[in-house]
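[1] got a predicted structure here, sequence first:
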Amino acid sequence: MILKTDGSVQKVQPDNGSDFTLEELQGFVDGLIEIIDIGSDMIMVVNEEGKGVLELNKKATVLARTMQAIFPHDYIAGDVLMCPSDMVQ
């Protein structure tokens, strides 16, 4: 699913039915990707260069902080793909 900066959630599936391509991932986050492990075999794919450029993603930030995947003072910017880790090769 994509956690959007406006608070909405969009369900997505890989075009090939099993795992996302790099191009799909970059399209979801509008740029270069960074992967954040949030535990339980789940990841967040975020824009690597989003901070200071893209809007704060409140939902993704709260989730990442709750899972202790980022430092308490850190934040997530831009739209985020959240999916099982095996969907990204």
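    Everything's here; your move. Residues are numbered from 1 along each chain as shown.

[2] quick check: the residue of the chain positioned farthest from its centre vs His73, distance?
    Residue distances from the centre of the chain (CA atoms, centre = their mean) peak at Asn16, which lies 19.6 Å from the mean C-alpha position. Remark: distance between Asn16 and His73 (CB to CB, to the nearest Å) = 38 Å. For every residue, glycine as well, the C-beta is placed using N, CA and C.

[3] check Gly52 too.
    Counting by CB to CB - Gly52 and His73 are separated by 15 Å.

[4] for Gly39, same thing?
    Counting by CB to CB, the separation of Gly39 from His73 is 20 Å.

[5] same check, this time on Phe28
    Applying CB to CB to Phe28 and His73 gives a distance of 26 Å.

[6] can you check Asp86 too?
    Applying CB to CB to Asp86 and His73 gives a distance of 31 Å.

[7] among these two, which residue is more densely surrounded?
    Set side by side, Asp86 and His73 show more neighbours around Asp86, with 10 against 6, by other CB atoms under 10 Å.

[8] Phe20 is in contact with the more buried one, correct?
    No: assessed by CB atoms under 8 Å, Asp86 is found out of contact with Phe20, at 10.6 Å.

[9] tell me, how many residues neighbour Ile70?
    Around Ile70 there are 19 residues (other CB under 10 Å).

[10] can you tell me which residues contact Ala60?
    Ala60 makes contact with Leu3, Met44, Val46, Ile76, Val80, Met82, according to CB atoms under 8 Å, 6 or more residues apart in numbering.

[11] so who does the first one touch?
    Going by CB under 8 Å, 6+ apart, Leu3 touches Val9, Asn57, Lys59, Ala60, Leu63, Asp79, Val80, Met82.
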